[in-house]
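Undergrad: with the sequence up front, the predicted model follows.
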Amino acid sequence: MRHAATDSPLMRWGLPVLALALAAVLLLLPLAAVFTEALRRGWEVAVAAIAEPDALAAIRLTLLVAAISVPVNTIGGIAAAWAVTKHDFPGKRVLVTWIEIPFSVSPVISGLVFVLLFGAQGYFGPWLRERDIQIIFALPGLVLATVFVTFPFVARTLIPLMQEQGRDEEEAAATLGASGWQTFLRVTLPNVKWALLAGVLLCNARAMGEFGAVSVVSGHIRGQTNTMPLHVEILYNEYMFAGAFAVSALLALLGLVTLAAKAVLERLSDRRLGSKA
Amino acid sequence: MNASILSRRVLVAAAPALVATQAAGQGAAQTLLNVSYDPTREFYREFNASFAAAWATRGQARPNISTSHGGSGRQARAVIDGLQADVVTLALAYDIDEIAERGIIARDWQRRLPNNSAPYTSTVVLLVRRGNPKQIRDWGDLLRTGVSVVTPNPKTSGGARWNYLALWAWALRQQGGSPQAAEQAVTQLYRQVPVLDTGARGSTTTFVQRGVGDVFLSWENEAHLALQEFPQSGLEIIYPSLSILAEPPVAVVDANVDRRGTRALAEAYLQHLYTEDGQRLAAKHHYRPRDAAILSANASRFPGMELATVDDVFGGWANAQRTHFADGGVFDRIYRPRR
């Protein structure tokens, strides 16, 4: 193995500088532009754009969709990760591949799938209409699309860690007479709690920011089925740039707070591990 | 951190307003959803307020009217897929026909309101950049090499279909005009289109803000709106020698209003488009009103020009759609995305 110390100075300094420069140009610059544009006409305009009823409705809807989707995916993700790492069963590899489908499929298709299933002309459309149940172009459709798109986040953060940890502790617990549920709560879950939190936060960031799939199933009714990303598009298309960037900035801020929380958690977890060692 | 505290404060400050609007929505007030196409946003925002006030003076509770906007074809598709529209106000009759085909709207919808159920008309104009550097005067100038044209995708946008048909109608009218010559003209035109957006508004943004293209084939109302929103841009409207009479139609969505019990409200909403108030607002937002007096009062903004109709030139929308825009139609044959 090569050591960093034996690399040429060019490699030691050049690469980090290059990486930082790229990050600044590709990540920080656009982000800075969003905040600058949002405040171009002053705080009052930006705040008014956010306090406007349609914008507030979009903010509430976005938070509501995330508040439903994230817990669903947390439970689903833990179950999936637990199943594939701590148990052997036929079709396990297929399940691992399935978990990643939402990552590899275009979000537009993820949305269309639900229109195909639950739309008025879809497989379950007539059945739903008889019972007066609205899924597409309403909250359930938005939640379904969001859950689909963000499903992998929790599972994908847990699986590598749980694989690495192996099954020794669970087997020991079982030998000592713990039930499956006790093993899960007292052994498995505490071992992965930091990774789980990180996965949940990532899932949340994406759930609030999802555009493609949600756009297909939304119906774009102002004040009702527009989430924040959709509302941004509408404002932009209506020449209300200050408003569009103000809502974008708020959305970006929600994402940044999520990421900051994740960073803090990671540092905390490192310290824990450090003190153990 | 400061910003997140601020946003929380805004939320708290706005909460009473939210509660108030919700309280007003209770009781007998009905909701109405108007599913419309792209460039009508500004018009219907003002029209909704006008209608709500008129409805309230009849002793009814003020209705809550929502709107949804997008490419006309895509919006029709959403209604077919179950979007609970009470009324549709789309870019062309064919899109409403598609909904009627599924039994969601009565087949004879176009005869239920005056003027083919189209309370206002529009046409296609050419929007060019400051000083008209490429010297665009008429459709023929768009076909010169080196002229880059912005127009949305006829598969998803109603306005784009009007653009296409307007050029076709013009080409037929030229010396030696024939369907073959017209097909050559549209083939040439779409070779010069750098990007096909899904709706008219997306194309406007592409042309005006991203600065793509030399000419933008635009709804007349959309062109006026762009001039109004970007007074510094120096954009100019060119009226071609011949264009097409666009009749954006409206209809009550029978299946939905009957289920929701909103028929009376929905019908009154569409009738309000034909009143003096409705016509005046249409003219204000650059739609050509049907009311002759209001039209002539705004004659300077709506210059007289020769307008071909889809019925005369193409034998109606069903024919035009089948021949040109359906899968395997002329457009599919001639359009090759740029590589």
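TA: Thanks, I have it.
Undergrad: sticking with the residue lying closest to A:E37 once chain neighbours are set aside, tell me its helix or strand.
TA: Computed as C-beta to C-beta, 6 or more residues apart in numbering or on different chains, the closest residue to A:E37 that is not its neighbour in sequence is A:F245, at 3.8 Å. Every C-beta, even on glycine, is put in place using the N, C-alpha and C of the backbone. If you go by DSSP states H and E, A:F245 is part of helix A:241-276.
Undergrad: how about that helix: buried residues?
TA: A:241-255, A:258, A:261-262, A:265 (16 or more other C-beta atoms under 10 Å in any protein chain shown).
Undergrad: who are the packing partners of it?
TA: Secondary-structure packing of helix A:241-276 (3 or more C-beta pairs under 8 Å, 6 or more residues apart in numbering or on different chains; DSSP states H and E): helix A:29-38, helix A:43-51, helix A:53-86, helix A:189-209, helix A:228-237, helix B:2-25.
Undergrad: want to try TSV for these, with mean pLDDT, distance to B:L167 and mean neighbour count as columns?
TA: What follows is the helices and strands packed on helix A:241-276, written out as TSV (pLDDT from 0 to 100; distance: least, C-beta to C-beta, whole Å; neighbours: other C-beta atoms under 10 Å in any protein chain shown):
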stretch	mean pLDDT	distance to B:L167	mean neighbour count
helix A:29-38	90	37	15
helix A:43-51	91	39	18
helix A:53-86	95	37	20
helix A:189-209	92	40	20
helix A:228-237	91	25	22
helix B:2-25	41	46	13
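Undergrad: how about those, which one is nearest A:I101?
TA: helix A:53-86 (12.1 Å; C-beta to C-beta).
Undergrad: what residue is smack in the middle of the chain?
TA: Reading this off chain A. A:C203 (2.3 Å; C-alpha atoms, centre = their mean).
Undergrad: not what I meant, chain B
TA: Most central in chain B (C-alpha atoms, centre = their mean) works out to B:A91, at 4.4 Å.
Undergrad: that one and B:A160 touch, don't they?
TA: No. Between B:A91 and B:A160 there is no contact under C-beta atoms under 8 Å: 9.1 Å.
Undergrad: need the residues touching each of those two.
TA: B:A200 (C-beta atoms under 8 Å, 6 or more residues apart in numbering or on different chains).
Undergrad: who's in contact with the helix or strand that contains A:V108?
TA: Here A:V108, judged by DSSP H and E, is contained in helix A:107-118. For helix A:107-118, the surrounding residues in contact (C-beta under 8 Å, 6+ apart) are A:102, A:122-125, A:128, A:135-136, A:141, A:144-145, A:148-149, A:210-217, B:81-82.
Undergrad: would you mind listing which of those are buried?
TA: A:102, A:122, A:125, A:128, A:135-136, A:141, A:144-145, A:148-149, A:210-211, A:213-217, B:81-82.
Undergrad: which of those residues fall in helices?
TA: A:102, A:125, A:128, A:141, A:144-145, A:148-149, A:213-217 (DSSP state H).
Undergrad: re the thing from before, who touches the residue nearest to A:E37 in this structure?
TA: Contacts of A:F245 by C-beta under 8 Å, 6+ apart are A:V34, A:F35, A:E37, A:A38, A:R40, A:A46.
Undergrad: quick check: the gap between it and B:R41.
TA: Between A:F245 and B:R41 the computed distance is 19 Å (C-beta to C-beta, to the nearest Å).
Undergrad: what sits against the residue nearest to the centre of chain A?
TA: Neighbouring residues of A:C203 by C-beta under 8 Å, 6+ apart: A:S69, A:V70, A:N73, A:T74, A:G77, A:T150, A:F153, A:V154.
Undergrad: now A:L230
TA: Counting by C-beta under 8 Å, 6+ apart, A:L230 has contacts A:A58, A:F211, A:V214, A:S215, A:S218, A:H220.
Undergrad: the same query, at a cut-off of 6 Å, please.
TA: Contact analysis of A:L230 by C-beta atoms under 6 Å, 6 or more residues apart in numbering or on different chains lists A:S215, A:S218.
Undergrad: so which residues of chain B form strands?
TA: B:31-37, B:64-70, B:87-89, B:120-121, B:124-128, B:149-150, B:215-219, B:236-238, B:242-244, B:250-252, B:288-289, B:306-308 (DSSP state E).
Undergrad: could I get the ones you listed in CSV, plus columns for mean pLDDT and distance to B:W317?
TA: Converted to CSV, the strands of chain B look like this (pLDDT from 0 to 100; distance: least, C-beta to C-beta, whole Å):
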stretch, mean pLDDT, distance to B:W317
strand B:31-37, 95, 15
strand B:64-70, 93, 20
strand B:87-89, 98, 15
strand B:120-121, 96, 15
strand B:124-128, 96, 16
strand B:149-150, 96, 24
strand B:215-219, 95, 17
strand B:236-238, 95, 26
strand B:242-244, 95, 12
strand B:250-252, 98, 14
strand B:288-289, 96, 19
strand B:306-308, 94, 14
